[in-house]
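> Give me a 3D structure for the following:
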Amino acid sequence: MQPLIDNARTFGQRPEEFAELAAGQSPQVLFITCSDSRVVPALITGARPGQLFELRTAGNIVPPYDPARPTGEAATVEYAVQVLGVRDVVVCGHSHCGAVGALVRGDDLDAVPAVRDWLAGATPPPTGPAEDPCVAEGVQSHVLTQLLRLRSYPCVARGLADGTVSLHAWYYEVHTGAVLAHRPRTDTFTAL
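Now for the predicted structure:
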């Protein structure tokens, strides 16, 4: 913890770098990814403060849209698209994902009921070889499922219909740093 504290102490000693941020934000992208500490959106994309609006959830799950039961995730998506006007939404899964791996393997999660119940929302469950420690196939199919869910959000559906919003599926390899993007024409993930 001490290195993080030390950096935080010196971070604010460069106010001129951040003064413009007080005027507001205008991020270009809503970046939806996993809570995993090995996935750092700004590091992956090279984004500076104010360029990414982030939504991080266990397993980068986008819950189904339900107007009767608002969620923080739905509010984040709606705010990004309707208020901030982001034009691109990226769902980025990653290799070695514990959440997707648990789903692919069918792990018993009774000891962590909140995790179990959250992951139960990842329907249909991702598929892929259970013995693959990267869970690449499972993560990639899972990311595509989350894009389908986003399409059901009214603000996203409107943006897709009028051409103001684009959806992107990415897969980040934590062990290599490579980023792959889904290519709808070939239904494959290839290097950016």
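> Helix, strand or coil: sort out Arg185 for me.
coil (DSSP: H, G, I helix; E, B strand; the rest coil).
> List phi and psi for it.
phi -60, psi -40 (degrees, to the nearest 10).
> Can you give me the neighbour number for it?
6 (other CB atoms under 10 Å). (Glycine included, C-beta is placed from N, CA and C.)
> Model confidence at it, what's the number?
Looking at Arg185, its pLDDT stands at 95.
> can you tell me which helix in the chain is longest?
In the chain, with assignment by DSSP state H, the single longest helix is helix 136-151.
> Check which helices and strands that helix sits against.
strand 88-94, helix 98-105, helix 154-162, strand 166-172, strand 179-183 (3 or more CB pairs under 8 Å, 6 or more residues apart in numbering; DSSP states H and E).
> That helix: which residues count as buried?
136-147, 149-150 (16 or more other CB atoms under 10 Å).
> do stretch 55-65 as well
Applying 16+ other CB under 10 Å to stretch 55-65 flags Leu55, Thr57, Ala58, Gly59, Asn60, Ile61, Val62, Pro63, Tyr65 as buried.
> for it, how far is the first residue from the last?
15 Å (CA to CA, to the nearest Å).
> got it, and stretch 148-164?
17 Å.
> repeat for stretch 39-49
17 Å.
> What's the mean pLDDT across it?
Mean predicted confidence for stretch 39-49 is 95.
> in it, what counts as buried?
Val39, Pro41, Ile44, Thr45, Ala47.
> Name the nearest of the residues you listed relative to Phe31.
Pro41 (4.7 Å; CB to CB).
> Now the closest one. Nearest residue, chain neighbours left out?
Ranked by CB to CB, 6 or more residues apart in numbering and with sequence neighbours excluded, the top spatial neighbour of Pro41 is Phe31, at 4.7 Å.
> helices and strands of this protein: which one has the lowest mean pLDDT?
Least confident helix or strand, the chain: helix 2-11 with a mean of 79, by mean pLDDT, DSSP states H and E.
> starting at the chain centroid, how far to it?
Distance of helix 2-11 from the chain centroid (CA atoms, centre = their mean, to the nearest Å) equals 26 Å.
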